[in-house]
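> heads up, no residue letters with this:
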């Protein structure tokens, strides 16, 4: 999302500088953000520009901003208010012009109540909030993301997996995705590695993912019961593929519209 904002804006010609705020040692944070001058501390054998200066005329993306220590939050607030930085070991300030996009998985209002995040900084960065729902709440994105990841991993791994089977996709659509998009990305990469055909099959999915999906298949001997279960699953699949359009679903299933409505009611499909 941050990249989308940057590259579709007037700042697209500038740099996009992503920063994992929780991945930089605390004693190096100020130097990384604002730069330092030679000799300002042990090991500073040359001048170094900071990430804010690198992002000048572009965008700096502060991922997991809730991980920043309070000592740096004060200095970040000054940068946002004054539009200037001071390198470690320098007495001079420099003007910077960078768009700041911040992201967090934490509830910053709760962090304020606990004393872990400055309230004034929160209100300074909370200008245009964008709430991204978890992947389980935007199931319609899963197939699009899978196509994107297939293309990327085919190229990087030298494979030619063209699509994901309907059975594998059904499992992906039912998974709760506690790891969100990163979890989906890893699973698609694994599937591309393991796939021996042009189609990503269920056996390429992790065992725990398949085991976590309720299996509605009937293992008895009644043809009538198994036929009903299969028919219900096919109707649900057709409705999913047509975004709930019953006319188009009936056409895919090659049955009449009234017949489909009757079966939807009989099977209790919502």
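That came through, no problem. Since the model is a prediction, treat every value here as computed from it, not as a measurement.

> contacts for stretch 230-248?
140, 166, 170, 173, 216, 249, 252-253, 257, 260-261, 263-264, 267, 269 (C-beta atoms under 8 Å, 6 or more residues apart in numbering). Every residue, glycine included, has its C-beta placed from N, CA and C.

> how about a cut-off of 6 Å?
If you take C-beta atoms under 6 Å, 6 or more residues apart in numbering as the criterion, stretch 230-248 is touched by 249, 252-253, 257, 260, 267.

> Most neighbours among the residues you listed, which one is it?
When neighbours are counted as other C-beta atoms under 10 Å, the busiest of the contacts of stretch 230-248 turns out to be residue 249, with 23 neighbours.

> OK, contacts around residue 18?
Contacts of residue 18 by C-beta under 6 Å, 6+ apart are residue 61.

> Doesn't it belong to a strand?
Yes. Applying DSSP: H, G, I helix; E, B strand; the rest coil, one finds residue 18 inside a strand.

> Could you give the bridge partners of it?
residue 61 (DSSP bridges).

> So which of the contacts of stretch 230-248 sit within strands?
Judged by DSSP state E, the subset of the contacts of stretch 230-248 located in strands is empty.

> In TSV: those, plus pLDDT.
Below are the contacts of stretch 230-248 laid out as TSV (pLDDT from 0 to 100):
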residue	pLDDT
249	91
252	89
253	89
257	91
260	92
267	87
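
> what residues are up against the closest residue to residue 106 other than its chain neighbours?
Ranked by C-beta to C-beta, 6 or more residues apart in numbering and with sequence neighbours excluded, the top spatial neighbour of residue 106 is residue 66, at 3.8 Å. Residues near residue 66 by C-beta under 6 Å, 6+ apart: 104, 106, 108, 111.

> Give me the subset of those residues lying in helices.
108, 111 (DSSP state H).
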